[in-house]
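Chemist: sharing a model prediction with you, sequence too.
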Amino acid sequence: MCIRDSILAGVVFAAVVERLTAWGRGVAWAAFVLTAGLLLLGWGGLMRAVVAAPGETGFGLPLGTKLAAADAARRLRQQTGAAEVLLAGDGADPERNDFPAEFRALLHDEPLRYVDLNAEALFPAAAAVVLLGPPVDDGPASARDLYAAAPGAVETVEAVGVAVYTVHALPPAAAPSPAVALATPALLANFTHITGHNELRFGPDGAVWDLFWETADTPEAADYHIFNHLLDAAGTRVTQADGAAFAARQWRAGDGVVSRFVLPVPADVAPPLTMRVGMYRFCLLYTSDHSRVPFKMRYNADFLAYCNRLREAGRSVVFCGDVNTSHQEIDLARPRQNRNTTGFLPEERAWIDEVVAQGYVDTYRGRYPEQTGAYTWWAQVTFSREKNVGWRLDYIFVSPDLWPRVIDATIHPDVLGSDHCPVGLLLAADDGE
């Protein structure tokens, strides 16, 4: 395609030039030569930038550099007898993140686990080799320093004299000790243990908080999130940071994890400060394909059965999401005109009836049973938001044991940026605060 287009452009240029006077042909050829020269100059500058600063130009690092890093990780594992290679870089999902995806392919014959270096550091019970991604990808919560302080042999892989990959052979149980260790590790409901923490460290991006914990002995399918609520001297929550915990599907017996968070802390916060932490399983319900209502209903039934199994195991449940269904006529502006519209079909509404019948509480309608005009979605094409002709499609449900702790449920139509608006839930802590 490019060769054909180039030939065609040349033919057209030659035909145009032939029609010009001698002076005009000279100007045209001068412009052509000047343009070609500028293009070559620009291309040469771009190539020099790629060579001088690989990884910072959008072209990525050379494949040879990546192969060298993979070979170093493979060699160190063979030399040390390590059980696995940890890929610690920007992101831990090889289906979505470049770093783990690339090295999963380059190290396809090695046992691997994936660590989001911008959120955590993993220290297995057995010896392991950790391959650290380029420092240019580090964010404010990077845990690179935790690996740098660990014992073990270290190799670096350079590009143009700059270290871009670090390969570190970790001895068994190389996890650092927390500055504040709990005398008795706190056992959580998912059989993880919180073992300690470091002191808050204040910097330009906020307060850095390190939480030390040990995984359960066996992996499980569901992932968990960690919450961190900072309380001031009066016990008022002044800031918080939630984030995904090291993925439960990767847990192994004896794993030590340091999860790092950056909290925005107000300048006038009053000490002493207290951090309330914990772990929770976050169930997010989102079904968007309205053309597949039968599939949607099967999915909803399976999801509700899953939530019920959590309750039977003694768990409290909060589930939320864009359910894409208005439950009652009060939940949309024009119910009569939409009786046969997906999102207000009888079978869809019946599923929410079943959710409520099994004890779950629609928190907003539970708090405000008669509130009209409370919608969370508006059609953009018809400018419905300006007229508040909307639907309430987004819900937060809680299991019946949590309903007494619900302080408020909110809808925020003033928050723009989407055809949906946020919904909120204020839930009292289990200690009554």
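Modeler: Sure, I can see it.
Chemist: doesn't Met279 make contact with Ala222?
Modeler: No - taking CB atoms under 8 Å as the definition, Ala222 is not a contact partner of Met279, at 11.3 Å. (C-beta placed from N, C-alpha, C; glycine too.)
Chemist: neighbour count: these two, which is higher?
Modeler: A count of neighbours by other CB atoms under 10 Å puts Met279 above the other of Ala222 and Met279, at 18 against 13.
Chemist: element containing that one?
Modeler: Using DSSP states H and E, Met279 falls within strand 274-280.
Chemist: who are the packing partners of that strand?
Modeler: On a contact count with 3 or more CB pairs under 8 Å, 6 or more residues apart in numbering; DSSP states H and E, strand 274-280 meets strand 193-197, strand 225-231.
Chemist: now it: mean pLDDT?
Modeler: In this model, strand 274-280 has an average pLDDT of 93.
Chemist: same question, stretch 104-111
Modeler: Over the span of stretch 104-111, the pLDDT mean works out to 96.
Chemist: ditto for stretch 218-237
Modeler: Stretch 218-237 comes out at a mean pLDDT of 89.
Chemist: contacting residues around the strand holding Met279?
Modeler: Where contact means CB atoms under 8 Å, 6 or more residues apart in numbering, the residues beyond strand 274-280 that reach it are 188, 190, 192, 194, 197, 200, 209, 211, 224-231, 235, 237, 245, 429.
Chemist: hmm, try it at 6 Å
Modeler: Contact with strand 274-280 is made by 188, 211, 224-231, as judged by CB atoms under 6 Å, 6 or more residues apart in numbering.
Chemist: run the angle between it and strand 225-231 for me.
Modeler: 160 degrees (axes from the mean of the first three to the mean of the last three CA atoms, to 10 degrees).
Chemist: now do the buried residues in strand 274-280.
Modeler: Buried residues in strand 274-280, defined by neighbour count with 16 or more other CB atoms under 10 Å: 275, 277-280.
Chemist: same question, stretch 371-378
Modeler: Neighbour-count burial for stretch 371-378, counted by 16+ other CB under 10 Å, picks out 374-378.
Chemist: output these as TSV; include the columns secondary structure.
Modeler: Below are these laid out as TSV (DSSP: H, G, I helix; E, B strand; the rest coil):
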residue	secondary structure
Ala374	coil
Tyr375	coil
Thr376	coil
Trp377	strand
Trp378	strand
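Chemist: I'd like the distance between Gly424 and Leu40.
Modeler: Gly424 sits 57 Å away from Leu40, going by CB to CB, to the nearest Å.
Chemist: give me the phi and psi for Asp331.
Modeler: Backbone torsions of Asp331, given as degrees, to the nearest 10, read phi -90, psi 10.
Chemist: and if you look at Met297?
Modeler: Taking degrees, to the nearest 10 as the convention, Met297 sits at phi -70, psi -40.
Chemist: now Arg365: which helix or strand?
Modeler: helix 363-367.
Chemist: buried residues in that helix?
Modeler: For helix 363-367, burial by neighbour count (16+ other CB under 10 Å) applies to 363-365, 367.
Chemist: other SSEs contacting it?
Modeler: Helix 363-367 is packed against strand 406-411, with contacts defined by 3 or more CB pairs under 6 Å, 6 or more residues apart in numbering; DSSP states H and E.
Chemist: who touches the strand it packs on?
Modeler: 363-364, 367, 374, 376, 423-426, 428.
Chemist: okay, who's weakest in these by pLDDT?
Modeler: Among those, Ala428 has the lowest pLDDT, at 90.
Chemist: any idea how far that one is from Val277?
Modeler: 17 Å.
Chemist: confirm Ala68 sits in a strand?
Modeler: No - going by three-state DSSP, the assignment for Ala68 is helix, not a strand.
Chemist: partner residues bridging the closest residue to it other than its chain neighbours?
Modeler: Of all residues beyond its chain neighbours, the one nearest Ala68 is Val157 (4.9 Å), with distances taken as CB to CB, 6 or more residues apart in numbering. On the basis of DSSP bridges, Val157 is bridged to Tyr165.
Chemist: ok, which stretches of the stretch 301-433 of the chain are strands?
Modeler: In the stretch 301-433 of the chain, the strands defined using DSSP state E, counting those that start in this stretch lie at 318-322, 361-362, 377-378, 390-391, 394-398, 406-411, 423-427.
Chemist: can I get those strands in TSV including distance to Val164?
Modeler: Shown next, in TSV, are the strands of the stretch 301-433 of the chain (distance: least, CB to CB, whole Å):
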stretch	distance to Val164
strand 318-322	40
strand 361-362	52
strand 377-378	46
strand 390-391	50
strand 394-398	43
strand 406-411	47
strand 423-427	43
